[in-house]
Every structure is written in structure tokens, then in C-alpha cells.
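Q: A predicted structure for the sequence below; I have some questions about it.
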Amino acid sequence: MAVQIAIAYHSGYGHTEALARAVHDGAGREPGAIARMIDVSEMSEADWALLNAADAIIFGSPTYMGAVSGPFKTFMDATSRIWLDRGWQDKVAAGFTVSSSQAGDKFATLSQLSTLAAQHGMIWVSLGLLPGNNSSTGSVEDINRIGASIGVMAQANGDQGGDVAPPQSDRRTAALLGARVAEIAGRLKVGGQVALIDDAPEGQADLSTSVPA
Ligand SMILES: Cc1cc2nc3c(=O)[nH]c(=O)nc-3n(C[C@H](O)[C@H](O)[C@H](O)COP(=O)(O)O)c2cc1C
């Protein structure tokens, strides 16, 4: 059965959308994975159904005033009805953001996205890449040039459109996150590792079988 990856994003001016496309393409290249982009600012019932059926949801928002954008927050609040029914429990999650400054308080946005995932009981996947552009031989062409670990941080010049900003290095980084999420979601789906937690005594995860003696 195909591994379903949903990329739930908002983009005011096209930069986050460009990054979402890169995440989508990276996820979709994984064997057996089907990736879909969902613009959360215009959610239909079909979009909600896609999210509810997905094995993994990758959240993406621009950083506005050191936080997720207004439309993305509206989407977050709308997920509260799913939260109540634990509808996204144990789905895989990850996140990405873009802003015009190098730092730009992007961590606050990714922190919000990971908290959203945690509230839903989702399994947060980190970026899993070493930081780039932090030595004398580094450059802005490096993968993970901003040096994030919680998710993808990208930077888009304010005077450039989504056709060129964020640059290719950020898009390659985003594609790697998409591929990583698709692979991990696939492993969980086939290997049934989530069942380890389901088998545990009430309120307690039994990881004993996965810890070497
Ligand atoms: C209302 C607003 C607030 C913003 N706040 C920040 C900010 O806190 N930090 C930053 O670096 N850039 C900030 N920016 C710039 C955007 O993050 C940047 O242009 C981003 O690429 C927009 O992505 P989008 O095209 O997907 O909307 C802000 C832009 C807007 C419109």
C-alpha cells in the first residue's frame, strides 16, 4: 500500500510554496510514496480527508512577526476538532519555514509546528542533516546552510519572487526532508513499529524489546 505524504502549507507571496514543492518532490521520489500539496488557507472537505488519511503530514508556514502566518494559525486552530478525537495520533510529522532574514526568528515558527504535532500525538521527524556554511570551506550553496535541526529553515530575499527565492540550496534541503519523512513513514507502515507502543501497558510505552541487552 502506498505511503501517503501530505504537505500542509500556507504561502503569502510564493516563497513557502516553492519550498513546499521541493518537499513534495523529495517525498514523491521515495519508492512507494505518494505526496500531495495542500494549501491550508483554502481547506475543502476533500483536503481534510486527505490529511486524515495521510501517513505523514509535513507542515510549512512562512515566518511572520516571529510566528506562523495568520492563515496557518487559523488552520492550526481548526485542527482542534481532530485533536479531540486523536485523529492524527501516531502519524509522522515534520516542518519547514522561510523568512527574509537569515535568522528572522524562524525557530519560533518551527517550535510552533512541532508543538502542534505533539498536541496531536504525532511523531516529529527532525531534519537529520549536519549544519552547512559554518566553516572556511562552506558556502551558501551548502545543504542546510542556515544550520537548523528541528526542521527546514530557508531564507528568501524580500525583493525576489518564489521563482528564484529561496535559493536552490534551501530547496535541496527541503527535498531531503521530504525524502526522510517518506522513508520513515514507510518504515513505520511496513514494520509496524508503532505497534510496540500500542502493546505497552496502559499509559506506558514498552521499548524494552528495541533496547539491546
Ligand atoms: C506580515 C509579515 C511579517 C514578517 N515577519 C518576518 C519575520 O518575523 N522575520 C523575517 O525574517 N521575515 C519576516 N517577513 C518576511 C517573510 O517571512 C518572507 O518574505 C517570506 O519569504 C514570505 O514567505 P511567503 O512568500 O511564503 O509568504 C514577514 C513578512 C510579512 C508579510
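A: Cool, got the structure.

Q: show me what contacts D159?
A: When contacts are counted by Cβ atoms under 8 Å, 6 or more residues apart in numbering, D159 touches no other residue. Glycine gets a C-beta too; all of them are placed from N, C-alpha and C.

Q: what sits against the closest residue to the ligand within the chain?
A: Residue of the chain nearest the ligand, by Cβ to the nearest ligand atom: G104 (2.4 Å). By Cβ under 8 Å, 6+ apart, G104 lies in contact with 63, 66, 155.

Q: try it again with 6 Å
A: T63 (Cβ atoms under 6 Å, 6 or more residues apart in numbering).

Q: what about it, distance to V98?
A: G104 is 9 Å from V98, where distance means Cβ to Cβ, to the nearest Å.

Q: hey, where'd the strands end up in the protein?
A: 3-9, 33-39, 56-64, 67-68, 92-99, 123-124, 152-155 (DSSP state E).

Q: now these in CSV, with mean neighbour count and mean pLDDT?
A: Listed next are the strands of the chain as CSV, based on neighbours: other Cβ atoms under 10 Å; pLDDT from 0 to 100:
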stretch, mean neighbour count, mean pLDDT
strand 3-9, 27, 98
strand 33-39, 19, 98
strand 56-64, 28, 99
strand 67-68, 22, 98
strand 92-99, 29, 99
strand 123-124, 18, 98
strand 152-155, 27, 98
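
Q: nearest to S114, out of the ones you listed?
A: Proximity to S114 (Cβ to Cβ) singles out strand 123-124 among the strands of the chain, at 5.1 Å.

Q: how far does the closest one sit from the chain's center?
A: 10 Å (Cα atoms, centre = their mean, to the nearest Å).

Q: in its sheet, what does that strand sit against?
A: Within its sheet, strand 123-124 is paired with strand 92-99 (parallel), according to DSSP bridges.

Q: mind checking how far the strand it pairs with is from the chain centre?
A: 4 Å.

Q: run through who's touching that strand.
A: Contacts for strand 92-99 (Cβ under 6 Å, 6+ apart): 15-16, 19, 56-63, 106, 109-110, 113, 117, 122-125, 151-152, 154, 156, 166, 174, 177, 181, 184-185.

Q: any bit of that strand sitting next to the ligand?
A: Yes - for strand 92-99, a contact with the ligand is found by Cβ under 6 Å from any ligand atom, at 98-99.

Q: what angle do strand 3-9 and that strand make with each other?
A: Per axes from the mean of the first three to the mean of the last three Cα atoms, to 10 degrees, the angle that strand 92-99 makes with strand 3-9 is 30 degrees.

Q: wait, what's in contact with A2?
A: Shown in contact with A2 (Cβ under 6 Å, 6+ apart): 32, 34.

Q: go again with 7 Å.
A: The contact partners of A2, taken as Cβ atoms under 7 Å, 6 or more residues apart in numbering, are 32-34.
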